[in-house]
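**Q** sequence and predicted structure are below.
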Amino acid sequence: MAIKADICVFAHDEAAGIAAMVAGLRLQDLSGIDARIVILANGCTDDTAALARAAAAGSVVDVVELAEGGKSRSWNRFVHGIARPDAEVLVFADADIRLPAPDCLSRLIRGLVARPALWALNSQPVKDIVAVPQQLSLTDRLIAAAGGGLDDWKTAICGQLYAMPAARARRFHLPVGLPVEDGFLRAMVLTDALTGPEDFSRIDGLEGLAHIYESERSIGRLIRHQERIVIGSAINAAAFAALRDLPPEDRAEELATAARDDGWLPSVIAARLPAAPGGYVPLHFLTKRLMRAFTRPLQARRLAVALPGFAFDLIVYLRAQYRMAKGAGAGFW
């Protein structure tokens, strides 16, 4: 029997690239899979939806428009309303990635089904400046080596492209306004909504499967990207603390409330941040790169990488503190 899989592509103001993404989706070989592909145009202020419909004409790709934006809100709408109730697998993708082979989605879906103990299976993210042979500037080489290097794509949830068993995805709701929804979802998956210890066997990456994403091409844009990650991670930590204050049996219902209430996350931020000793952002976001460097035998080459990395982290950390003090929080992107 064919695997029933619903594939959601999150698109917010992606007019510049949505036609290329739809063209790539139309080239995917989904033989033997009962697939539904949905472009979820959420909160768009451009003509993303119209361009997607034009590119998708005559194909199995549908376009659904949501007036309100935000990836966590859109995730909830897809999982709990738009996806088919009898779908077995849900795939989540960003609209600005590239699928380099026609079997990317098929391999991800079949790879998940082949391992029923998994709660999430990732594709490996590869920067375009690394994937495509080209002459790189010094700035490009620095960017290629920076950002995201601290996380293992097999143990995180890569929000750009991953799959979940539908029944397990439906166990969760995400608070509206999360700046880093995949980090929040990772914690929910590992702990079953903070009701048990972390189980790292629930998440993995599929060897040999990769997608390509556009790298930041300036230091300024990279700093802003990392600011969002740091701010989002600090907000996630505050939300986890608020949920852990509740009895375990009440946490899932509280998350369902947070998914409906735009005011839930701002109230958590106001109540819990800043907090000693780090302020708005916990200190480990500043020190984790250095700590990793010094937990291994110290080498001059490793130190030469770690010290500039720390300088970059310090800039991001201070800017994130300033932004949050000025009110950046829920919905920051």
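**A** That came through fine.
**Q** all contacts plus neighbour counts: C-alpha atoms, from now on.
**A** Noted.
**Q** tell me the contacts of residue 127?
**A** If a contact means Cα atoms under 8 Å, 6 or more residues apart in numbering, then residue 127 has 144, 212-215 as its contacts.
**Q** kindly report the same for residue 197.
**A** With Cα under 8 Å, 6+ apart, residue 197 has these contacts: 190-191.
**Q** how about 6 Å then?
**A** residue 191 (Cα atoms under 6 Å, 6 or more residues apart in numbering).
**Q** give me the contacts around stretch 272-281.
**A** By Cα under 6 Å, 6+ apart, the residues outside stretch 272-281 that reach it are 234, 321.
**Q** end to end, how far does that stretch reach?
**A** One end of stretch 272-281 sits 11 Å from the other (Cα to Cα, to the nearest Å).
**Q** mean confidence score for it?
**A** The average of the pLDDT scores along stretch 272-281 is 91.
**Q** give the buried residues for it.
**A** Within stretch 272-281, the residues scored as buried using 16 or more other Cα atoms under 10 Å are 273-274, 280-281.
**Q** which one of those is nearest to residue 201?
**A** residue 281 (28.7 Å; Cα to Cα).
**Q** count the residues that sit near the nearest residue to residue 24 once chain neighbours are set aside.
**A** Ranked by Cα to Cα, 6 or more residues apart in numbering and with sequence neighbours excluded, the top spatial neighbour of residue 24 is residue 99, at 6.6 Å. Counted with other Cα atoms under 10 Å, residues neighbouring residue 99 total 19.
**Q** for residue 120, give its distance to residue 184.
**A** To residue 184, residue 120 is 13 Å away according to Cα to Cα.
**Q** of these two, who's got more company?
**A** Shown here are residue 120 and residue 184; by other Cα under 10 Å, residue 120 has more neighbours (28 against 23).
**Q** endpoints of stretch 15-31, how far apart?
**A** End-to-end distance for stretch 15-31: 29 Å, by Cα to Cα.
**Q** so how far is it off the chain centroid?
**A** 20 Å (Cα atoms, centre = their mean, to the nearest Å).
**Q** and stretch 268-277, by the same measure?
**A** That offset, for stretch 268-277, works out to 24 Å (Cα atoms, centre = their mean).
**Q** that one: end-to-end distance?
**A** End-to-end distance for stretch 268-277: 18 Å, by Cα to Cα.
**Q** same check on stretch 4-24?
**A** End-to-end span of stretch 4-24 (Cα to Cα): 20 Å.
**Q** and stretch 241-260, by the same measure?
**A** End-to-end distance of stretch 241-260 (Cα to Cα): 19 Å.
**Q** for that stretch, what is the distance to the chain centroid?
**A** Distance of stretch 241-260 from its chain centroid, counting by Cα atoms, centre = their mean, is 21 Å.
**Q** how about that stretch, which residues are buried there?
**A** Buried residues in stretch 241-260, defined by neighbour count with 16+ other Cα under 10 Å: 242-243, 251-252, 254-259.
**Q** residues contacting that stretch, please?
**A** Identification of contacts with stretch 241-260 by Cα under 6 Å, 6+ apart yields 173-176, 195, 264.
**Q** fine, thanks again, bye for now.
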